[in-house]
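*Asks:* here's a sequence, model it:
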Amino acid sequence: MKISIPYARTAMEAEVDQARLNGVYTSSLPPAAADESSCVRAALDAPIGSPRLEELAAGKKKVVIIASDHTRPVPSKIIMPQLLERIRKGNPSAEITILIATGFHRLTTREELVGKFGEEIVARERIVVHDSSDAEGLVEAGTLPSGGRLIVNRLAMEADLLVSEGFIEPHFFAGFSGGRKSVLPGIVSRETVLANHCSEFIQSPYARTGILEGNPIHRDMLYAAETAKLAFVANVVINGEKKIVHAVAGHFRKAHEAGCAWLKDICRVRAPMSDIVVTSNGGYPLDQNVYQSVKGMTAAEAVCRDGGVIVMVASCADGSGGESFYRNLAEAPTPEAVLERVLRVPRTATQPDQWEFQILARILSRHTVILVTRDCDHAMLQAMHLETASSLPEALARADEIVGADARIAVIPDGVSVISEPA
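*Replies:* Have a look, this model is predicted:
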């Protein structure tokens, strides 16, 4: 059987003996809504656990709308105009600020804002880009359940009404994106992000794709959103073409949970534990570096037996994705040594990228990972304790050498679009 795995803007192919194939596992996301704007409008007309946005806006002077930054494909050109319209319908004199939730990322540029919202909104509305290192723009807001300091953007804390837009997708340690995540990590301090992403929480068996119940990272995020008085969210689910297929709106927790429940049913795949699992990050843009490719690897990790092989197809044309991420793996004698060291790091001393190299080290401590790329320096990848191949057939041949020519194979063409579970 021929399998095709996304790679950059193309795909890699290989022949697999069907007798060895446990299955090919994909999500069943529906096609785009016939009218994406109407899909969002319907959600705003029937909010979950909340009055309508226009009712909430009545009498509120300072209104802040949290919007995602340049790293997230949220269809803000569809969502934001409707949020602005409804707020002004409820209170024409509201002073509205759009606050860009950069979290731990670099600041969003004006050009990126125009690409996200369109020239009209950028020219007309007050837009502030959150800076997680700007002490003047931040304010203390208490202590997280984790014990870390909760330090939040001042504009959000001083708002009379706090609203957010976003999208929901499986997330490899927060369970799902969206909802409460617009506050933490979206508009908090660098210190707060690091405390929330500590090694103890990342190590938790509940800090996994598709899991909210018992997830300590999610618990911190809920507390931050509640403390900041996030009153209303508009979240969408998008497909591989970045088109809206579903929308929810309303109470930040109840609406988000409804969206997650809908998506979990669509994205859940159950596969037998396999000797070899082939996956990817869905091609461009998420397979541009090793850092991002860890996300797809976690989908394979969930259904790959101990000692098995994960074949990760990813261009990684931009390299490792971070100097700290690279050095912490490359300078360690083994992945196990990385884990041993990182698990001794206190919650309050988390370093940048720690969560990402911790998760990759966890995967490498139990599996061989063969990264398939024609666009990245193989020596650099090997220094990070990854095996390498230039083609999918080459990788599968090497996997057979490791686990045997009769090994069972599972294929997850797009690891970031599924919630994989053992059958």
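*Asks:* wait, doesn't V63 sit right on S164?
*Replies:* No - proximity of V63 to S164 does not meet the contact threshold set by CB atoms under 8 Å, at 11.7 Å. In short, each C-beta sits where N, CA and C put it, glycine included.
*Asks:* phi, psi of the closest residue to A302 other than its chain neighbours?
*Replies:* Using CB to CB, 6 or more residues apart in numbering and skipping the chain neighbours, the partner closest in space to A302 is S420 (4.5 Å). Per-residue torsions, S420: phi -90, psi 140 (degrees, to the nearest 10).
*Asks:* same drill for V63 and S164, tell me which one is more crowded.
*Replies:* S164 (31 against 25; other CB atoms under 10 Å).
*Asks:* contacting residues around the more buried one?
*Replies:* By CB atoms under 8 Å, 6 or more residues apart in numbering, the contact list for S164 reads I65, I66, A67, A101, S182, V183, G186, L230, F232, V233, A234, F252.
*Asks:* now do S320
*Replies:* S320 neighbours (CB under 8 Å, 6+ apart): N289, V290, Y291, Y326, M380, M384.
*Asks:* ramachandran coordinates for it?
*Replies:* According to degrees, to the nearest 10, S320 has phi -70, psi -30.
*Asks:* likewise E169?
*Replies:* phi -150, psi 160.
*Asks:* neighbours of the nearest residue to it once chain neighbours are set aside, how many?
*Replies:* Nearest residue to E169, sequence neighbours excluded (CB to CB, 6+ apart): S177, at 5.1 Å. A count of nearby residues for S177, using other CB under 10 Å, gives 19.
*Asks:* S177 contacts G186, correct?
*Replies:* No - the criterion here is CB under 8 Å, and S177 misses it with G186 at 10.3 Å.
*Asks:* and the helix or strand harbouring T388, average pLDDT?
*Replies:* Applying DSSP states H and E as the criterion places T388 in strand 387-389. When pLDDT is averaged along strand 387-389, the result is 98.
*Asks:* so which bits of that strand are buried?
*Replies:* E387, T388, A389 (16 or more other CB atoms under 10 Å).
*Asks:* partner residues bridging the last one?
*Replies:* If I follow you right, that is A389. Beta-bridge pairing for A389 (DSSP bridges): V372.
*Asks:* just curious, which of the contacts of S164 is nearest to V114?
*Replies:* Checking the contacts of S164 against V114 with CB to CB, the nearest one is A67 at 13.3 Å.
*Asks:* how distant is stretch 155-167 from the center of its chain?
*Replies:* Mean C-alpha position of stretch 155-167 versus that of the full chain (CA atoms, centre = their mean, to the nearest Å) differs by 20 Å.
*Asks:* one more: stretch 286-294?
*Replies:* Its chain's average C-alpha position is 12 Å from that of stretch 286-294, according to CA atoms, centre = their mean.
*Asks:* and the end-to-end length of that stretch?
*Replies:* End-to-end distance of stretch 286-294 (CA to CA, to the nearest Å): 10 Å.
*Asks:* how long is stretch 405-422 from one end to the other?
*Replies:* 22 Å.
*Asks:* now do stretch 396-409
*Replies:* With CA to CA applied, stretch 396-409 spans 10 Å between its terminal residues.
*Asks:* now that stretch: buried residues?
*Replies:* So, applying 16+ other CB under 10 Å, buried residues of stretch 396-409: L396, R398, A399, D400, I402, V403, A407, R408, I409.
*Asks:* same question, stretch 141-149
*Replies:* For stretch 141-149, a neighbour-count test (16+ other CB under 10 Å) marks A141, L144, S146, G148, R149 as buried.
*Asks:* likewise for stretch 130-139?
*Replies:* For stretch 130-139, the neighbour count (16+ other CB under 10 Å) marks H130, D131, S132, G137, L138, V139 as buried.
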